[in-house]
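> Here is my input, please return the structure:
(chains A and B)
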Amino acid sequence: DTEVTQTPKHLVMGMTNKKSLKCEQHMGHRAMYWYKQKAKKPPELMFVYSYEKLSINESVPSRFSPECPNSSLLNLHLHALQPEDSALYLCASSQVLGAPFDEQYFGPGTRLTVT
Amino acid sequence: DQQVKQNSPSLSVQEGRISILNCDYTNSMFDYFLWYKKYPAEGPTFLISISSIKDKNEDGRFTVFLNKSAKHLSLHIVPSQPGDSAVYFCAASALSNTGKLIFGQGTTLQVKP
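Numbers count the residues shown, from 1 in each chain, chains lettered A, B, ... in the order given. Coordinates of the predicted model:
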């Protein structure tokens, strides 16, 4: 099973709302990632968790707040977003961060629209 | 500075023929290369990978070739099928950089019946 699930599939939120994106994997992977992808662009790394600890923050604005409650779950809390934050948000996981020749497996993404 | 480049935004081939997607990189520290396929409104799906100690890796209809001296890799799909129509991303990582993936801009492949 190489499945990464994400909920919700679509989300529309106003600039004053607070919402959360959820990601789950049951492959026993210990590294989990959040990416942002704009139309016709490659995925851009936002955060990386390794063994449930934040390992990489790619200078993401504080209106995005990640959380890793356990080894299978990854959340992204959203607050006071801007319309330019509208994008496809992708979660990924891999066996161990930095392991040689380790593939990342992606979820289907959450299509976020900020109005 | 774009470290991974896919210079062809799109490619169109006939069903049954070979599709060749190209990727160039600039960082000599990259030691692992991956190809992902992405359908609209879905996440990227891992296709095939190659480490820098090899020059070829094959998996069914998909073969990836690596030319380290030219800093170039290519994905060959033979025979191409209409279901292969998607966006293909090349990605690279360096063990020295905690395996962070750097993606190319993607190539849209259209396979015509």
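> which parts of stretch A:53-71 are buried?
A:56, A:60, A:64, A:66, A:68, A:71 (16 or more other C-beta atoms under 10 Å in any protein chain shown). C-beta here means a position set from N, CA and C on the backbone, and glycine is covered the same way.
> So which of those residues is the closest to A:Y49?
A:C68 (4.4 Å; C-beta to C-beta).
> residues near A:A99, how many?
By the measure other C-beta atoms under 10 Å in any protein chain shown, the count of residues near A:A99 is 14.
> need the strands for the chain, in chain order.
Using chain A. Ranges of strands in chain A, per DSSP state E, are A:4-7, A:10-13, A:18-25, A:31-37, A:44-50, A:53-57, A:64-70, A:73-79, A:87-94, A:105-106, A:110-114.
> wait, chain B
Using DSSP E, strands in chain B cover B:4-5, B:10-14, B:19-25, B:32-38, B:45-51, B:56-59, B:62-67, B:72-77, B:86-93, B:102-103, B:107-112.
> Using JSON lines, lay out these together with mean neighbour count.
Listed next are those as JSON lines, based on neighbours: other C-beta atoms under 10 Å in any protein chain shown:
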{"stretch": "strand B:4-5", "mean neighbour count": "20"}
{"stretch": "strand B:10-14", "mean neighbour count": "13"}
{"stretch": "strand B:19-25", "mean neighbour count": "21"}
{"stretch": "strand B:32-38", "mean neighbour count": "23"}
{"stretch": "strand B:45-51", "mean neighbour count": "17"}
{"stretch": "strand B:56-59", "mean neighbour count": "12"}
{"stretch": "strand B:62-67", "mean neighbour count": "18"}
{"stretch": "strand B:72-77", "mean neighbour count": "19"}
{"stretch": "strand B:86-93", "mean neighbour count": "24"}
{"stretch": "strand B:102-103", "mean neighbour count": "20"}
{"stretch": "strand B:107-112", "mean neighbour count": "18"}
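> Quick check: which of these is nearest to chain A?
strand B:102-103 (3.5 Å; C-beta to the nearest C-beta).
> quick revisit: same list (the strands of chain A) but as JSON lines, adding mean pLDDT.
Formatted as JSON lines, those follow (pLDDT from 0 to 100):
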{"stretch": "strand A:4-7", "mean pLDDT": "96"}
{"stretch": "strand A:10-13", "mean pLDDT": "96"}
{"stretch": "strand A:18-25", "mean pLDDT": "97"}
{"stretch": "strand A:31-37", "mean pLDDT": "95"}
{"stretch": "strand A:44-50", "mean pLDDT": "94"}
{"stretch": "strand A:53-57", "mean pLDDT": "93"}
{"stretch": "strand A:64-70", "mean pLDDT": "96"}
{"stretch": "strand A:73-79", "mean pLDDT": "97"}
{"stretch": "strand A:87-94", "mean pLDDT": "95"}
{"stretch": "strand A:105-106", "mean pLDDT": "93"}
{"stretch": "strand A:110-114", "mean pLDDT": "96"}
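> can you tell me which residue is nearest the centre of chain A?
A:W34 (2.7 Å; C-alpha atoms, centre = their mean).
> got any ranges where chain B has weak pLDDT?
Scanning chain B with the threshold set as pLDDT under 70 gives B:1, B:96-99.
> on that earlier part again, restrict the buried residues of stretch A:53-71 to contacts with chain B.
Among the buried residues of stretch A:53-71, the residues within reach of chain B (C-beta under 8 Å from any C-beta of the partner chain) are A:I56.
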